[in-house]
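*Asks:* Pasting the sequence and the predicted coordinates here, then a few questions.
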Amino acid sequence: MPEQRIRADIIAADNEKRVSALKVGYEALGAKLSGEGIDIDTITENVAEFFVAIPSWGVGTGGTRFARFPGIGEPRNIFDKLDDCAVIHQLTQATPRVSLHIPWDKVDDPRQLKAHADALGLSFDAMNSNTFSDAPGQEHSYKYGSLSHTNSGTRQQAIEHNIECIEIGKIIGSKALTVWIGDGSNFPGQTNFMRSFERYLDSMKAIYKRLPSDWRIFTEHKMYEPAFYSTVVQDWGTNYLIATELGNKAYCLVDLGHHAPNVNIEMIVARLVQFRKLGGFHFNDSKYGDDDLDSGSIDPYRLFLVFNELVDAEYRKTRDFHPAHMIDQSHNVTDPIESLICSANEIRRAYAQALIVDRKALEDYQEANDALMASETLKNAFRTDVEPILAMARLKSGGAIAPVAAFRASGYRESVGKERPIVASGGGGIV
């Protein structure tokens, strides 16, 4: 039995207040879906088996380039972060895996991390390397790039750091490495586009050679920031080229906040699925750029449309289709635990809505070029309130019907606030 950071009786008491209303809502939704030929219990079972990973850095307060305002009970180290991640999973039953970031989460003995995670009922998702900022004591600076740097010593340092992440991941049970770099330029003419990309590919090939046979490597594109004129891996096309160059263990990672406002992300997802290079997602939301807002907070319909493509791939039994799912958000004005709870719920909501799309009807309308009814078929699923399904999936798995309410009733934040020293407000950046 995993260690529980919130007493089970607190969750049970909160559930008791809500279970009658949930059953009524669940039965009503079940009757509606039954009329459409959909079994609600099957959908609930599918939702209960859909999981999304939590980023270790997500449980701390984020920040902008201008400021960071820490909250009460900020995690002091990776062990505190794992405790907070365990709370999210205990309440949502949707987040059993944690994604680590090195060197932020580095410890002397990685086996301590695995032991602590095991005790909490958690496991580890993809490893994340950091060559976009300088770590204390490193010989070469990444100010002007890392894997694509003009200096061979800097490139080798970045390569060795990624290999170190692989070695740590092997000890704790991870099976993937995510590589995102901040390499790019701020002025026209600052770098040679072709040569910098050539250096990047050579560096990535060196990392790829050290990848275990049962691992995958995810490359992540980003339109801009921290480089504001050009970035080395700037869009999904370049990302696809990288994954193709590297080999069959290399895949593209799609971060929903790394695109221009009007980019058709769901079509990018479809393209990567079609050519079997979709590795996974970093879920968040965006308004103007890489805002990393909570998932579903700005455009829940887009999130649904992304999942419509994923469920369509499942429906068509696409070969070798097993994308990784992770949240990647910066929480500047909310309690990070509450935001991650809500985000996990919104991601599952989009999945549930996509599951109830009438696939046969949609395909018929598409083949008949009936644009209106094809659109309405999607909207019918999106407009359906699937909250009873989400709540029932949590309840049946031992979670909370209303996880944020249960979290607040538990007093967890106040409790850890007494144990963890107050962090002074400082400059920008994330933890």
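*Replies:* Nice, I can see it.

*Asks:* Alpha carbons only: can I get stretch 260-267 in PDB?
*Replies:* Listed in PDB are the C-alpha atoms of stretch 260-267, where the atom choice follows Å, rounded to 0.1, in the frame of the first residue of the first chain:
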ATOM      1  CA  ALA A 260       2.300  30.600 -33.100                       C
ATOM      2  CA  PRO A 261      -1.300  31.500 -32.200                       C
ATOM      3  CA  ASN A 262      -2.900  30.400 -35.500                       C
ATOM      4  CA  VAL A 263      -0.900  27.300 -36.200                       C
ATOM      5  CA  ASN A 264      -3.000  24.200 -36.800                       C
ATOM      6  CA  ILE A 265      -1.500  21.900 -34.100                       C
ATOM      7  CA  GLU A 266      -4.000  19.100 -34.500                       C
ATOM      8  CA  MET A 267      -2.900  18.800 -38.200                       C
END
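
*Asks:* ok, and for it, which residues are buried?
*Replies:* 265, 266 (16 or more other CB atoms under 10 Å). C-betas here are computed from N, CA, C, even on glycine.

*Asks:* residues making contact with it?
*Replies:* Here stretch 260-267 makes contact (CB atoms under 8 Å, 6 or more residues apart in numbering) with 223, 254, 256, 259, 286-289, 302, 305-306, 308-309.

*Asks:* quick one: low-confidence ranges for the stretch 101-250 of the chain?
*Replies:* Across the stretch 101-250 of the chain, nothing is flagged by pLDDT under 70.

*Asks:* quick one, helices of it?
*Replies:* 110-120, 152-172, 193-209, 236-246 (DSSP state H, counting those that start in this stretch).

*Asks:* The stretch 301-431 of the chain now?
*Replies:* 336-355, 359-367, 371-382, 387-396, 403-410, 412-419.

*Asks:* a markdown table for the ones you listed, including mean pLDDT, mean neighbour count and distance to residue 11?
*Replies:* Putting these into a markdown table (pLDDT from 0 to 100; neighbours: other CB atoms under 10 Å; distance: least, CB to CB, whole Å) gives the following:
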| stretch | mean pLDDT | mean neighbour count | distance to residue 11 |
| --- | --- | --- | --- |
| helix 336-355 | 98 | 24 | 13 |
| helix 359-367 | 98 | 15 | 36 |
| helix 371-382 | 98 | 16 | 30 |
| helix 387-396 | 98 | 22 | 10 |
| helix 403-410 | 98 | 20 | 5 |
| helix 412-419 | 96 | 14 | 11 |
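
*Asks:* Between these, which one is closest to residue 35.
*Replies:* Proximity to residue 35 (CB to CB) singles out helix 371-382 among the helices of the stretch 301-431 of the chain, at 12.3 Å.

*Asks:* ok so, going back, just give me the closest of the contacts of stretch 260-267 to residue 270.
*Replies:* residue 309 (4.9 Å).

*Asks:* Report pLDDT for the residue of the chain positioned farthest from its centre.
*Replies:* Distance from the C-alpha centroid of the chain, by CA atoms, centre = their mean, peaks at residue 368 (36.6 Å). Among the per-residue scores, residue 368 holds a pLDDT of 98.

*Asks:* give the contact list for it.
*Replies:* So residue 368 contacts nothing (CB under 8 Å, 6+ apart).

*Asks:* cool, and residue 422?
*Replies:* For residue 422, counting by CB under 8 Å, 6+ apart, the contacting residues are 70, 72, 74.

*Asks:* Neighbours of the second one, how many?
*Replies:* Look at residue 72: counted by other CB atoms under 10 Å, it has 14 neighbours.

*Asks:* now the helices of the stretch 301-431 of the chain as TSV including distance to residue 313?
*Replies:* Formatted as TSV, these follow (distance: least, CB to CB, whole Å):
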stretch	distance to residue 313
helix 336-355	11
helix 359-367	12
helix 371-382	16
helix 387-396	21
helix 403-410	29
helix 412-419	38
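
*Asks:* With respect to residue 205, which of these lies nearest?
*Replies:* Closest among the helices of the stretch 301-431 of the chain, using CB to CB: helix 336-355, at 33.4 Å.

*Asks:* tell me the mean pLDDT over the lengthiest helix in the chain?
*Replies:* The longest helix of the chain (DSSP state H) is helix 8-35. For helix 8-35, the mean per-residue pLDDT is 98.

*Asks:* circling back: out of the helices of the stretch 301-431 of the chain, nearest to residue 196?
*Replies:* Checking the helices of the stretch 301-431 of the chain against residue 196 by CB to CB gives helix 336-355 as the closest, at 34.4 Å.

*Asks:* Next, the angle helix 371-382 makes with the closest one.
*Replies:* 130 degrees (axes from the mean of the first three to the mean of the last three CA atoms, to 10 degrees).

*Asks:* now the angle from helix 336-355 to helix 412-419?
*Replies:* Going by the same axes, to 10 degrees, helix 336-355 makes 150 degrees with helix 412-419.

*Asks:* re the thing from before, so how do I select the buried members of the contacts of stretch 260-267 in ChimeraX?
*Replies:* Applying 16+ other CB under 10 Å to the contacts of stretch 260-267, the buried members can be selected in ChimeraX as follows:
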select :254,256,259,286,302,305,306,308,309
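
*Asks:* Of all the helices of the stretch 301-431 of the chain, which one is nearest residue 238?
*Replies:* helix 336-355 (26.4 Å).

*Asks:* Alpha carbons of that closest one, as CSV, please.
*Replies:* Provided in CSV are the C-alpha atoms of helix 336-355 (Å, rounded to 0.1, in the frame of the first residue of the first chain):
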residue,chain,number,x,y,z
PRO,A,336,0.8,24.6,-8.5
ILE,A,337,-0.8,21.5,-7.0
GLU,A,338,-4.3,22.8,-7.7
SER,A,339,-3.3,23.8,-11.2
LEU,A,340,-1.9,20.4,-12.0
ILE,A,341,-5.0,18.7,-10.5
CYS,A,342,-7.2,20.8,-12.8
SER,A,343,-4.9,20.3,-15.8
ALA,A,344,-4.9,16.5,-15.4
ASN,A,345,-8.7,16.7,-15.2
GLU,A,346,-8.9,18.8,-18.4
ILE,A,347,-6.7,16.5,-20.3
ARG,A,348,-8.8,13.5,-19.4
ARG,A,349,-11.9,15.5,-20.3
ALA,A,350,-10.6,16.1,-23.8
TYR,A,351,-9.9,12.4,-24.1
ALA,A,352,-13.3,11.4,-22.9
GLN,A,353,-15.0,13.8,-25.3
ALA,A,354,-12.9,12.4,-28.1
LEU,A,355,-13.9,8.9,-27.2
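
*Asks:* If you count contacts, what does that helix end up packed against?
*Replies:* helix 40-48, helix 78-92, helix 300-315, strand 324-327, helix 371-382, helix 387-396, helix 403-410 (3 or more CB pairs under 8 Å, 6 or more residues apart in numbering; DSSP states H and E).
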